[in-house]
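Peer 1: Predicted model follows, preceded by the sequence.
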Amino acid sequence: MSEEKKNVNIWKSLQKVPAGTMFVPLIIGAIITTIGQGIFNVDIWATLGNPMKDMFSSSGQMLIIGLMLFFTGTGVKVSDLKSALGRSVPLIVVRLVVAYALCALYYVLFGFEGVFGIPFLAVACAITSANAALYMGIISPFGDEADKAGFGIMLICSMPLLPILFLGFYGTSGFGIAQVMQIVALLIPFILGMILGSLDADIRKVFAGGNATILPFLGFEFGSTINLFKALGMIPQGILLSIAYFIIVIGPSYFVERNILHRPGYISVASASLAGVALAIPAMAASSNAAFEPFVSPTIAILAFVLAITNVTAPFLVKAELQRHPADNMAK
C-alpha cells in the first residue's frame, strides 16, 4: 500500500469545513472541557500541567495571539497597512460607536439587572467584542493582505481594555499604567514582525504559513473556555443575545462596507463572532466594582453560549455572503 493511500487526509478534511482548522479543535476542546469540568469536576489541562496546559487551555491564549500578531506583521507591507487603515478603521469605529451607545442606552433603560434575564454586564461584554483570531482563520483563504493586516487593529479594539474603560463609567474602575502597557504589549509583536518582514524578504517567506500552523491550538484554547452544560442552561438568554449580537455587530459596519467602501461585505460578517477573552471581562469588572458581582456568574454562562453560537455560525454566514457577493476582483 502506497504512502498516499495510507494518508487519512485529516488536514484536508478540516479545510472542507469553514474555518475548520480552528473551528473543529474549538468544538473538541469544548467537549473535553465539558466532560472534565461538568461531569468529573476536573480541569483536565490544569491536572496534566504544562506543556499540555498552555498548549490546549486558555492559559496559553495570549502567547498564541502574540505569535499571530508577529506572523501577521511579517507579511504586512506599509502599503498594505495603509489599505488596512482605510478599510478596517472605519468599520471598527462605526461598529464600536453603535455598540457602546446601545450599551449605555440599555443601562439607562434597564439598569444593572437588564431585561429578560440578560444583565447589562453581559450586553457590554458581548456586543463590544470580536474574535479577531477567528476572523483571521475565516478570511485567510480568500482575503488580501490588507484584510489580513486588519487583524492587528481588530484585536487591539476587541481586547478587554475598551470594555473595562467603558464599564469604569458605571463603577470605580479606571485607566492606568496597566492598561497602557496592555496596548503596548499588543502593538510590539505586530510592529516587530512588520519591521523584520520589511527588512528581509526571507523572514516574510519563513513565517508566511505561521498562522495556519498555530490556528488549531488557538481553537483548542478557545474551546477550553466553553462549558456546554453552563451554556445550555442559559439557552433563552443566549439566543436573544446572539441575535442582538449579529444585528448590532454586522448591521452598521456592513452598511458602511457595502455602500461607502464598496467592498463585498465579508469583513463585517467574518468579524461577527465573540472572542474567548470576553469571558474574562466580567470578573475583571467586578473586581473593581462591587455592583457587578451578582451578575458575574450568569453573564459568563450567557457569554459562553453566545461564544459557541457565534463562533459556529460566523464561518457559514461568510460562506453565504461570498455566494451573494464573491470576493473576486473587489478583494484584490
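Peer 2: Ah, there it is.
Peer 1: Could you check whatever helix or strand residue 316 lives in and say which residues are buried?
Peer 2: Using DSSP states H and E, residue 316 maps to helix 296-324. Within helix 296-324, the residues that qualify as buried are 296, 298-311, 314-315, 317-318, 321-322, counting by 16 or more other CB atoms under 10 Å. (C-beta placed from N, C-alpha, C; glycine too.)
Peer 1: Tell me the helices and strands packed up against the top helix by length along the chain.
Peer 2: If you go by DSSP state H, the chain has its longest helix at helix 78-110. With contacts defined as 3 or more CB pairs under 8 Å, 6 or more residues apart in numbering; DSSP states H and E, helix 78-110 has these neighbours: helix 120-127, helix 145-158, helix 161-167, helix 235-259, helix 266-270.
Peer 1: try 7 Å
Peer 2: When contacts are defined as 3 or more CB pairs under 7 Å, 6 or more residues apart in numbering; DSSP states H and E, helix 78-110 packs onto helix 120-127, helix 145-158, helix 235-259.
Peer 1: Specify the angle between that helix and helix 235-259 in degrees.
Peer 2: If you take axes from the mean of the first three to the mean of the last three CA atoms, to 10 degrees, helix 78-110 sits at 140 degrees to helix 235-259.
Peer 1: any idea of the mean pLDDT in helix 78-110?
Peer 2: Helix 78-110 carries an average pLDDT of 83.
Peer 1: do you know how far the residue nearest the centre of the chain is from residue 7?
Peer 2: The chain has residue 131 as the residue nearest its centroid, 1.1 Å off, counting by CA atoms, centre = their mean. Here the criterion is CB to CB, to the nearest Å. By it, residue 131 lies 31 Å from residue 7.
Peer 1: Please apply the same query to residue 202.
Peer 2: Distance from residue 202 to residue 7, by CB to CB: 30 Å.
Peer 1: Residue 162 too?
Peer 2: Distance from residue 162 to residue 7, by CB to CB: 45 Å.
Peer 1: So residue 102 sits against residue 248, correct?
Peer 2: Yes - between residue 102 and residue 248 there is a contact at 6.2 Å, judged by CB atoms under 7 Å.
Peer 1: These two: which has the busier surroundings?
Peer 2: residue 248 (20 against 16; other CB atoms under 10 Å).
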